[in-house]
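Visitor: Need coordinates for the following:
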Amino acid sequence: MIEARWLFDIAPNQIGVVVHPQSIVHSLVEYRDGSVVSVMALPDMTIPIGFALSYPDVLDLDYLPRLDLAATASLTFEDPDPVRFPCLGLAYRALQAGGAMPAVLNAANEVAVERFLARDIGFQDIPRIIAAAMATHRGGACDSIPDLLACDARAREHAAGFETRREAAHA
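Guide: Now for the predicted structure:
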């Protein structure tokens, strides 16, 4: 969602989010006439990331398997449940806050996910850690790369040191 805001230069209220369990549809763009254009590929981020990095050119990725829509059979979409997806609300808050807040969210998320993968924290701790890092961010403009890197470093430090209930129980 944050990427879409900056890639398409649109306001957060112009961005919608749907849950798509098959992970085939990587983006949907609705035009003024109501038509919707989709980018679809196998559930692999190589193509979308390659497209973003090479635009306006298209990378030759002929080594990747191709999407077989007949084999896929069906595509389903549903509105996100804010209880199941608390990080989505945090992303909207980060966009509304502006400045370096999206970078703070990203930095805290990267550290929290790393801690989860290392089995240091539980899955439910990820949004708690992100929210706590965002709450400690001082806000304001982010006018330079050094400012942005400093905000990123503070968020990472906060996320790395955030003690979860799980950790406190094992202490």
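Visitor: did I read that right, Ala94 in a strand?
Guide: No - counting by DSSP: H, G, I helix; E, B strand; the rest coil, Ala94 is not part of a strand but helix.
Visitor: check contacts around it.
Guide: Contacts of Ala94 were listed using Cβ atoms under 8 Å, 6 or more residues apart in numbering, and they are 2, 101-102, 104-105, 134. (C-beta placed from N, C-alpha, C; glycine too.)
Visitor: Name the member of the residues you listed with the most neighbours.
Guide: Val104 (29 neighbours; other Cβ atoms under 10 Å).
Visitor: For that residue, which residues are in contact?
Guide: So Val104 contacts 94, 133-134, 137, 151-152, 154-155 (Cβ under 8 Å, 6+ apart).
Visitor: What of Pro127?
Guide: Pro127 touches 86-87, 90, counting by Cβ under 8 Å, 6+ apart.
Visitor: Closest one to Val36 out of those, please.
Guide: Cys87 (25.0 Å; Cβ to Cβ).
Visitor: ok, now which ones touch the closest one?
Guide: So Cys87 contacts 109, 126-127, 130 (Cβ under 8 Å, 6+ apart).
Visitor: if we go to 10 Å?
Guide: 94, 105, 109, 112, 126-127, 130-131 (Cβ atoms under 10 Å, 6 or more residues apart in numbering).
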